[in-house]
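> Just the structure for this:
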Amino acid sequence: MTDPSARLLGPAEVRALAHELGLRPTKKLGQNFVHDPNTVRRIVRAAELAPDDVVVEVGPGLGSLTLALLPAVAAVHAVEIDPVLAARLPVTVADRAPALADRLTVVGADALRVAAAQLPGATALVANLPYNVGVPVVLHLLAELPALRRGLVMVQAEVAERLAAAPGSRAYGVPSAKLAWYAAARRVGPVPRAVFWPVPGVDSGLLAFDRRDPPPGDRDAVFALVDAAFAQRRKALRSGLAGWAGSPAAAEEALRRAGIDPMTRAERLGIDDFARLAAAR
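Take a look at the predicted model:
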């Protein structure tokens, strides 16, 4: 239940803040601001956060989700690349959740380059991610923050489908396989376009993930193999991995050592299969 000491933002407040800042949301930064209090409450509930969690929020924007998160957790590290928004967020929180303002740290940084030292104690990722960087941000933070146990992110619906896809499904590909190295992911549900300002031209969805132990092996080597395999996804792996292995015959030999049919395609392999194959090269 959201603490009453955090007054959430509605459509009128979001537009007033944007007007005050002279803000015109940009496609370059993927800015679509949530202006519906029920949606941010739903996100916080679905994230299944504990009172001692330290949350990383990427792209807090005007603070809609930040205000809903602060009463539920020990701290929020809000990573914001836009200096105008980064400067305004603490002011908004001090105004609308004064008793919780000390739980907020604003990190003025690019989420694709932010380092663990800037996000001390982080245990969860909860964010309305910019559509254009959703996948690389999730993968970067999971790599950079080994203590990150779980996450709930709002992304383009198609991206949520790809990230949660299982081997053998139409949507399964590089993002699905790489995320599976770190975590088990699942789709939580759709988010209506009408809860955003401006209204986006695509559908959105919620994706949840829980950290898992990675398979044995070198992550960089396995990811290079995943990239190589899906670059030729319509080909049988014997042919598609010829460049990676040195020749079709060498690819077949590695595949057989790993217990994989050389005529299988990339989309049939789970991350454990890729790890086994990388080790068999």
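
> What residues of stretch 141-152 count as buried?
For stretch 141-152, a neighbour-count test (16 or more other CB atoms under 10 Å) marks 141-142, 144-145, 148-152 as buried. To be clear about C-beta, it is placed using only N, CA and C from the backbone, and glycine gets the same treatment.

> Helix or strand: which one has residue 277?
helix 271-280 (DSSP states H and E).

> Packing partners of that helix?
Applying 3 or more CB pairs under 8 Å, 6 or more residues apart in numbering; DSSP states H and E, we find helix 271-280 packed against helix 174-182, helix 219-231, helix 248-257.

> and the buried residues of stretch 141-152 as JSON lines, adding distance to residue 81, pLDDT and secondary structure?
JSON lines is the format used below for those (distance: CB to CB, whole Å; pLDDT from 0 to 100; DSSP: H, G, I helix; E, B strand; the rest coil):
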{"residue": "141", "distance to residue 81": "14", "pLDDT": "98", "secondary structure": "helix"}
{"residue": "142", "distance to residue 81": "19", "pLDDT": "98", "secondary structure": "helix"}
{"residue": "144", "distance to residue 81": "16", "pLDDT": "98", "secondary structure": "helix"}
{"residue": "145", "distance to residue 81": "18", "pLDDT": "98", "secondary structure": "coil"}
{"residue": "148", "distance to residue 81": "20", "pLDDT": "98", "secondary structure": "coil"}
{"residue": "149", "distance to residue 81": "25", "pLDDT": "97", "secondary structure": "coil"}
{"residue": "150", "distance to residue 81": "24", "pLDDT": "98", "secondary structure": "strand"}
{"residue": "151", "distance to residue 81": "19", "pLDDT": "98", "secondary structure": "strand"}
{"residue": "152", "distance to residue 81": "21", "pLDDT": "98", "secondary structure": "strand"}
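
> sorry, back to before: got a markdown table for the helices and strands packed on helix 271-280, with mean pLDDT and distance to residue 199 too?
Below are those laid out as a markdown table (pLDDT from 0 to 100; distance: least, CB to CB, whole Å):
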| stretch | mean pLDDT | distance to residue 199 |
| --- | --- | --- |
| helix 174-182 | 98 | 26 |
| helix 219-231 | 98 | 33 |
| helix 248-257 | 98 | 48 |
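
> Relative to residue 278, which of these is closest?
helix 219-231 (4.7 Å; CB to CB).
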